[in-house]
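Student: Can you look at this prediction? I've put the sequence above it.
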Amino acid sequence: DITPVLKSLHDGSSSLIVLQRPFVYFGRQYNQIYVNNNGHLTFDAAWHRYVPYRFPGNASRDLIAPFWTDLDNRQNGQVLYNQYTSGSVLQRATQDINTYFPNLNFVANWIFVATWYEVAYFPTSGTVSQLNPVLHENILLYKCTATGSNSVFRQGSNVNAPGRWAFRTDSGTRGSFYPRSGTANGQIDDGSSSLIVLQRPFVYFGRQYNQIYVNNNGHLTFDAAWGRFTPYRFPGNPSRDLIAPFWTDLDNTQNGQVLYNQYTSGSVLQRATQDINTYFPDLNFVANWVFVATWYEVAYYSTSGTVSQLNPVLHENILLYKW
């Protein structure tokens, strides 16, 4: 196979790529795509933006942005893409998807693969990052790694494979991952909970915490309440540990709730034990405490009436979340 290679242009992009099969992205069907050098894919046009904006950002543009940052392939690395409709790549895709989504009975007949291979962060030539998103009709997989003392990309996963993530893009699901109940934050734009004493310590990459704050703008902090609504790019503020699964400008003054709860017994612990042993089968895990935070039907500022939902769950030294 001949793999097209993007030109070595800072903030460059591919030309229009005609997809050999349509790709469904949350209800919209696309027959073309662009691979942009700065770590994202777009459907309507090439796009060069290198500074992420907060979600939902530009609601008129559908965007797949697994590694949106300021990349530079002029000194080292390549940005490539390819499509497959037969051969061992489809066999691998079929195997992977049925592993991650065992109820689909999935058979791949086409995939689109993009690769950012050993591309540097601007302006630091010689640094290395690698990202490999794969589109399968209505499923998105990606794997990413990055060098540097602050990089944690290789540690995360939602499919029990470090650095790898899998998502269905045909439709979303509503409803909480864990119970939506507990103490509610005040209806204050950019507000936060008061200090919450954890009933069990939580270990976060080598640091043990006994307290936490649930902040209205989609993040959790340990040292203090925090109202910041505009994300900064990684590695950001290395002095502050932060869990930010949905960091954006949220507003619960008009609709929605931000809640939190802790559990040390009952069906929630049983569910946690089952979930963790499914995702990490080698742990032989038994949950004795979970902390659940929920941003339920909270609006994006300043668009009241919009709806978002996020449900991160802490288990001693494990983090789950659903949005």
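Tutor: Sure thing, it's come through. All values reported here derive from a predicted model rather than from experimental measurement.
Student: Could you point out which residue ranges in the chain have low pLDDT?
Tutor: 1-6, 54-59, 125-129, 144-156, 171-176, 234-235, 304-307, 322-323 (pLDDT under 70).
Student: how does it divide up, domain by domain?
Tutor: 17-168, 183-322 (automatic domain parsing).
Student: can you list the ones you listed in CSV and add distance to Asp11 and mean neighbour count?
Tutor: Just so you know, the C-beta spots here come from the backbone N, C-alpha and C atoms, and that holds for glycine as well. Listed next are these as CSV, based on distance: least, Cβ to Cβ, whole Å; neighbours: other Cβ atoms under 10 Å:
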stretch, distance to Asp11, mean neighbour count
domain 17-168, 4, 17
domain 183-322, 15, 17
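Student: out of the ones you listed, which comes closest to His10?
Tutor: Comparing the domains of the chain by their distance to His10 (Cβ to Cβ), the top pick is domain 17-168, with 5.2 Å.
Student: Between its first and last residues, what's the separation in the closest one?
Tutor: With Cα to Cα, to the nearest Å as the measure, the first residue of domain 17-168 is 22 Å from its last.
Student: and what of stretch 93-109?
Tutor: Taking Cα to Cα as the criterion, the two ends of stretch 93-109 lie 9 Å apart.
Student: How about residues contacting that stretch?
Tutor: Arg21, Thr85, Leu90, Ile111, Val134, His136, Glu137, Ile139, Leu141, Val159, Ala166, Arg168 (Cβ atoms under 8 Å, 6 or more residues apart in numbering).
Student: thought the fourth one was touching Tyr81?
Tutor: No. If you go by Cβ atoms under 8 Å, Ile111 and Tyr81 don't touch, sitting 11.2 Å apart.
Student: check contacts around Val243.
Tutor: Rather than Val, residue 243 is Ile. Tyr204, His219, Leu220, Thr221, Pro312, Leu319.
Student: coming back round to it: wait, which of the domains of the chain is closest to Phe177?
Tutor: Short answer: domain 183-322, nearest of those by Cβ to Cβ, at 3.8 Å.
Student: before we move on, back to that, I'd like the contacts of Ile243 as a markdown table, with distance to Ile196 and secondary structure appended.
Tutor: Shown next, in a markdown table, are the contacts of Ile243 (distance: Cβ to Cβ, whole Å; DSSP: H, G, I helix; E, B strand; the rest coil):
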| residue | distance to Ile196 | secondary structure |
| --- | --- | --- |
| Tyr204 | 15 | strand |
| His219 | 14 | strand |
| Leu220 | 10 | strand |
| Thr221 | 11 | strand |
| Pro312 | 14 | strand |
| Leu319 | 16 | strand |
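Student: biggest separation within the residues you listed, which pair?
Tutor: Using Cβ to Cβ, the contacts of Ile243 span at most 14.0 Å, a distance reached by Thr221 and Leu319.
Student: Are we agreed that Gln91 is in a helix?
Tutor: Yes. Looking at Gln91 with DSSP: H, G, I helix; E, B strand; the rest coil, it is inside a helix.
Student: Distance to Phe177 added to the domains of the chain, as a markdown table?
Tutor: Supplementary listing: these in a markdown table, determined by distance: least, Cβ to Cβ, whole Å:
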| stretch | distance to Phe177 |
| --- | --- |
| domain 17-168 | 12 |
| domain 183-322 | 4 |
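Student: Surely Trp116 is in a strand?
Tutor: Yes. The assignment for Trp116 by three-state DSSP puts it in a strand.
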